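Novice: Sharing a model prediction with you, sequence too.
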Amino acid sequence: MPVSDAFARILAAERARFNACAAEAARRTPGFDTGVFAAFLQSGVDGVVAAVADAVPERAATVAEAAYDVALSLVAQRLVGPQARSRLVERAWLESFPACARQIAEAPGEVLGALSNAALYMGSAPELRGGEWLGSLQTLAGGAETASQLLMLGKVLAWRAGAAHFRDGALAVASALPESLALAAVGAAPGSSWVQVQAHLAADPWWSPEWGEDGVPPQHKAQGKRIGDFSGFGGIFRQPPEIRANANGFWVKSGDRYSLLIADIRGAVLHRASREEYEQPPFPGTAQTLPRIRDNRIEMVYGDIELDLPAEGLALACNGHTAAVTSPYSYAIRVFPLQ
Amino acid sequence: MAFSNLFNRVSHAPTNPGVTIKPRQFDVAEIYRGPVQLEATGEDTALPLDEKLRQAYFWIVNNAIISPHYDIEYNDGPAQSYVVGGSLRTLTLPSAQSYSSYILLPLLAFATRRKCLFVGGPGRGKTASAILMGILAGYPAREVRRAMQHGHPQMTIADLLGNPLPADLVNAQDMESIRIAWRPWLSMRVKIIDEYNRIPTRTQSALLTVMGDNYAEVLGHIHECPESAWYLTANDDRGGGTYQVIEALRDRIDVIVQALAFNPRFLDDLLLRIEENVRPEEVAPREIIFTETEVDRIGEEVRAVAVPDAVRRRLEFFCGQFEFLETAGVQFEYLTKDTVRLSGADWGQVTAADNSRDRLKDLGCQTKNGVSVRNLMTLLVFAKALAYFRGNREATLEDLRQILPFVLHDKLQPDLDAPFFNIPENVGYRTDRLSWLRHLFDLSCDEFNRLDLDRNDPVRELATEFAFGLDGVSESETRARLTKIERLVGALGKGRKLYGPMYDDLQKLKYLHQRYTNYLHWLRAR
């Protein structure tokens, strides 16, 4: 597959230097696959260089050099190509990075490296919706005026795509973006007030701007989120989990594995934790009205939720905004908004 | 252009997670950190030095030295173990992070600037491992190789330390005017002596001065050397070298690690290195290079690691087992193995006369000597260093148990004629000294527990009472304490056989008695 004229010219002009770098990489990295590298140059790197050559022609050579460097690193570590754990990095280069040509031209090494790392991160856990993150980035990148804004946007979109644990940081970062971009990044309607949206988001992890002031409908709340599942079927728990609430989420114990569960309306994520963390003194709880379990139903303030589980052994834990339910007959944890 | 590769990549994940509980904080900038190195992140990436040390360990284990021998075993809960072979040996699958001594011990010697001896057959990577330690100190591979001293039978003191300048030798009117061209390795912070047992005895003495006192002397000129980590190699530590190693030199070595045999199951890794023409020492990542200041700081942090009282007491009890030999002399203070050694008496004859105790039960009967002060200090330093490496600020009994065989390997000499070694199931301990030392420590701890010394140790109570000081202690109180000591001495000696720890207890009681007696005299004379 031929590369674009712009990239071909740059490669030809610095042919000896590019070849030397590739040869050095192959020499120093056991198993460096030159075939994968060539293919990635023709697909991912060429797309970026061509887009930059269209948008900011005078920066094309610099971008090509930086992209070549990052590509060497990705191939050397088998992060792209057939042996890669996730296809998201290649998709990012093919689909999203060309849309970020202007910002990449500004700081090519930093932006390409950071966004490649972010793609790896978003592809590292099943709870994170990497494809959604790429799509949003592609759609909204045009609104970022600088490379710095693009990277801030990427952070906010990561939270929106399921990284619930980044909620506080993402909201803080969003406040530094232009108002229209911040509103778009969190899914709020254009023309809304960022101050109000931000305050609402900060106050209630289960509120979403798309539902407006009326809030999330009860039937949507009752759907909750399900996380964990049996490791034999692609989940992560080998035994039915037990949970203990903490201020921001839940400590989870499944056999000898301990996790921290953090959930909000955008997603639910499990992080590694330790036995010591799980065994910390119990969280006193801040919710004024705690739900109750009756048979296999949870009585919430917004209505009853019927669980698809036997009533026997159901356990409920609550923190200030979320209720989590476990059962000895299930490997999954169900989380629901408290209010 | 710069790129990362598999050989110089260092783990970004914490190498020993979950030791301390900290409030969880998630930084959204985390999504941009990863295997692709950014040119300028502007973030402070300084790691705690214990983490950096662990990263260095894991880089060496994963990329540089193929050593799949996890012989320093830690467990977090029950471990799976299996009995294998006709001799019913145990294979344990540890349930916590365990380590390869061949990598870990040299690294701890580097961190604490101590002296490490690699022993093992030719071609097992002893020299390569030593070179890696030089790389960790920031020296280029070529410089480390050039600075390495290769022992050989014709090696002179001048070869080792340096030459007087020829012009000065001809023209100088006095010794002061002769300048010495000191060998560059003397100024390095990592010193490597390859095949040290091939160095002639006289040159070994010069080496001893550098190792022991940190200076070199030629024609009356002194060159002060910096504090360094030392790595020595020997193909055969049991006299297979060209020259017998002088005892004082052997005694200066702090830890001994054995290069174990290569496991052919890892042949693929070797082939890859050949095909890719990779030399790990040339691609060490800069993240694991330690500056002089960092090693200084590690030294301070290691020294700050606490050794709890319970651990100390077990070490005291263990060391107390060995020096005592009842038939060695007459006066109480000279009933030691050292007395026999200094007298030149026949060891077999002296031990044959020792028939007042159960020689199988008495751990002291398994050795020909005791533990020296230098060995004890080394033990404590390495136990602290191991705890520090594992991310702890307090050494555990297991840290001490794991490190002890490597420190005492060449120091505590087994008496292979002792009844213990003649029992069929103990035959393996005659050759496997590391396992014997660990077993010895386990037996000592079992005995400590059997005697319930954690809770019932009257000598310790008296020592604690004394440690509060004598200020304000009245004459009657002093007399009461003296009586208590005398009663305890009487009780300890009454109708019981004398063992090493009891001998130490009696000496301690005599010491306390003497201090109180002197104090009493002073009180009366006032």
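Specialist: Yes, it's here. Owing to the predicted nature of the structure, the values given are computational and were not obtained by experimental measurement.
Novice: For the closest residue to chain A within the stretch 101-250 of chain B, give me its contacts.
Specialist: In the stretch 101-250 of chain B, the residue found nearest to chain A is B:A141; the distance is 13.8 Å by Cβ to the nearest Cβ. Where you see a C-beta, it was placed from the backbone N, CA and C, and this is true even at glycine. For B:A141, the residues meeting the contact criterion (Cβ atoms under 8 Å, 6 or more residues apart in numbering or on different chains) are B:131, B:134-135, B:279, B:281-282.
Novice: Any of those residues buried? List them.
Specialist: Among those, the ones that count as buried by 16 or more other Cβ atoms under 10 Å in any protein chain shown are B:131, B:134-135, B:281.
Novice: Show only the entries of these found in helices.
Specialist: B:131, B:134-135 (DSSP state H).
Novice: if we can go back for a sec, just send the contacts of B:A141 back as TSV, with pLDDT and distance to chain A too.
Specialist: Below are the contacts of B:A141 laid out as TSV (pLDDT from 0 to 100; distance: Cβ to the nearest Cβ, whole Å):
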residue	pLDDT	distance to chain A
B:I131	93	18
B:G134	93	20
B:I135	92	15
B:R279	77	10
B:E281	78	13
B:E282	78	9
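Novice: Taking those residues together, which two end up most distant?
Specialist: Across the contacts of B:A141, the longest distance by Cβ to Cβ is 13.6 Å; it joins B:G134 and B:R279.
Novice: how about the nearest residue to A:I262, chain neighbours excluded?
Specialist: By the measure of Cβ to Cβ, 6 or more residues apart in numbering or on different chains, the closest residue to A:I262 outside its immediate chain neighbours is A:G249, 4.0 Å from it.
Novice: Also B:L408?
Specialist: Leaving aside its sequence neighbours, B:L408 sits nearest to B:L437 (Cβ to Cβ, 6+ apart; 5.4 Å).
Novice: The one helix or strand the one you found maps to packs against which elements?
Specialist: Under DSSP states H and E, the secondary-structure element containing B:L437 is helix B:433-450. The elements that helix B:433-450 packs onto, with contact taken as 3 or more Cβ pairs under 8 Å, 6 or more residues apart in numbering or on different chains; DSSP states H and E, are helix B:309-319, helix B:397-408.
Novice: Out of those, which is the most enclosed?
Specialist: Using mean count of other Cβ atoms under 10 Å in any protein chain shown, the stretch among the helices and strands packed on helix B:433-450 with the greatest mean number of neighbours is helix B:397-408 (a mean of 24).
Novice: next helix or strand past that one?
Specialist: Stepping forward along the backbone from helix B:397-408, the first helix or strand reached (DSSP H and E) is helix B:419-422.
Novice: Now that next one: average pLDDT?
Specialist: Predicted confidence along helix B:419-422 averages 91 (mean pLDDT).
Novice: ok, residues contacting that helix?
Specialist: Taking Cβ under 8 Å, 6+ apart as the rule, helix B:419-422 contacts B:359-360, B:365-366, B:414-415, B:426-427, B:429-430.
Novice: same question, stretch B:364-377
Specialist: When contacts are defined by Cβ under 8 Å, 6+ apart, stretch B:364-377 is touched by residues B:251, B:315, B:319, B:321-325, B:336-338, B:341, B:347, B:351, B:354, B:357, B:359, B:379, B:407-408, B:411-415, B:418-421, B:436, B:440, B:499-500.
Novice: rewinding a little: among the contacts of helix B:419-422, who's most crowded?
Specialist: B:Q366 (25 neighbours; other Cβ atoms under 10 Å in any protein chain shown).
Novice: mind checking the backbone torsions on that one?
Specialist: With angles defined as degrees, to the nearest 10, B:Q366 sits at phi -80, psi -10.
Novice: mind listing the strands for the chain?
Specialist: Reading this off chain A. Ranges of strands within chain A are A:225-228, A:242-245, A:250-254, A:257-264, A:267-272, A:292-294, A:297-300, A:303-306, A:315-318, A:322-326, A:332-337, based on DSSP state E.
Novice: um, chain B though
Specialist: Counting by DSSP E, chain B forms strands over residues B:80-84, B:89-93, B:115-119, B:149-150, B:162-164, B:180-182, B:190-194, B:215-218, B:221-224, B:229-234, B:255-258, given from the N-terminal end onward.
Novice: Using CSV, write out the CA atom coordinates for the third one.
Specialist: Listed in CSV are the C-alpha atoms of strand B:115-119, where the atom choice follows Å, rounded to 0.1, in the frame of the first residue of the first chain:
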residue,chain,number,x,y,z
LYS,B,115,31.0,-7.0,49.7
CYS,B,116,29.5,-9.8,47.8
LEU,B,117,31.2,-13.0,46.6
PHE,B,118,29.8,-14.9,43.6
VAL,B,119,30.7,-18.5,43.6
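Novice: what's near enough to touch B:Y334?
Specialist: For B:Y334, the contacting residues are B:A328, taking Cβ under 8 Å, 6+ apart as the criterion.
Novice: and residue 270, what does it touch?
Specialist: In the absence of a named chain, chain A is used. Going by Cβ under 8 Å, 6+ apart, the list of residues near A:L270 reads A:125, A:127, A:227-228, A:236, A:252, A:259-261.
Novice: meant chain B actually
Specialist: With contacts defined as Cβ under 8 Å, 6+ apart, the neighbours of B:L270 are B:I66.
Novice: what's the answer for B:T209, then?
Specialist: Going by Cβ under 8 Å, 6+ apart, the list of residues near B:T209 reads B:215-217.
Novice: Counting neighbours, what do you get for the nearest residue in space to A:S175 that is not next to it in sequence?
Specialist: If you skip the residues right next to it in sequence, A:S175 has A:Q198 as its closest partner in space, 6.1 Å away by Cβ to Cβ, 6+ apart. Neighbour count for A:Q198, taken as other Cβ under 10 Å: 19.
Novice: Alright, that wraps it up for me.
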